[in-house]
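[1] Predicted coordinates and the sequence they were generated for:
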Amino acid sequence: MADSNNSKFILGSLAVIVSLLLLTQVILYNAWSLGENMLSDPHSSEQSRQLIVSEDIKPGEKIVQSVCKRCHAFGMMRAPKLGSERDWAPRIEKGKAVLYDHALNGFNRMPARGDRDLSDEEVKAAVDYMLSLLDFDTNK
Ligand code: HEC
């Protein structure tokens, strides 16, 4: 009897934890979309939606969502915000090679590889994805 009560209790607690986690996800996701909408004009968010669908952007997108967004979503420590052309304009002028280098090796408060164990390809894919959210021609 005690055992079955215990497992009911555990199941109940698990259900509460899972629903709290889901709720947090929903809140974070909404905050994120809101930020994105505020930052980008309709044209560029239209463009980023198209790019999100494109297959080769996917790996970079996942990394940005799971690693880079933490700082780049809202400009933590003045990190250039995702989709903000004003924030990215002066950075893009340095050229993509420099941006790759800074993402890989760190730059001021930008931690090397976002402080995670990512391969060169993963970091570059993440940078590509970040740049794809902008309207600039970044293939220079
Ligand atoms: C701990 C917070 C943090 C995380 C996580 C983070 N960044 Fe940054 N990032 C920054 C900050 C702060 C800057 C601005 C640095 C400066 O200009 O002094 C920056 C700048 C950059 C720049 C511009 C560099 C330049 O030369 O202007 C790129 C590109 C970049 N980050 C890519 C990434 C990528 C890709 C990831 C995920 C793999 C990532 N960042 C994760 C904080 C972060």
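    Arrived safely.

[2] okay, now residue 71: neighbour count?
    Per other CB atoms under 10 Å, the neighbour tally for residue 71 reads 20. Backbone N, C-alpha and C define where each C-beta goes, glycine included.

[3] The one helix or strand it maps to vs the ligand: in contact?
    Assessed by DSSP states H and E, residue 71 sits inside helix 69-72. Yes - against the ligand, helix 69-72 shows contacts by CB under 6 Å from any ligand atom at 70, 71, 72.

[4] and the protein, which of its residues are near the ligand?
    Near the ligand, when you scan the chain using CB under 6 Å from any ligand atom, you find 63, 67-68, 70-72, 76-80, 91, 94, 98-99, 102-103, 107-111, 113-115, 118, 123, 126-127.

[5] In ChimeraX, select just the buried ones from those.
    Command for ChimeraX that selects the buried part of those, burial taken from 16 or more other CB atoms under 10 Å:
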select :63,67,68,71,72,79,80,91,99,102,103,110,113,114,118,123,126,127
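
[6] Can you add pLDDT and give the residues of helix 69-72 next to the ligand back as CSV?
    Formatted as CSV, the residues of helix 69-72 next to the ligand follow (pLDDT from 0 to 100):
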residue, pLDDT
70, 96
71, 98
72, 98
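
[7] Specify which member of these is nearest to the ligand.
    Distance to the ligand, by CB to the nearest ligand atom, is smallest for residue 71 among those, at 2.9 Å.

[8] So the closest one sits against residue 79, correct?
    Yes - look at residue 71 against residue 79 with CB atoms under 8 Å: they come within range, at 4.3 Å.

[9] list the residues that contact both of these two?
    Common neighbours of residue 71 and residue 79 are not found (criterion: CB atoms under 8 Å, 6 or more residues apart in numbering).
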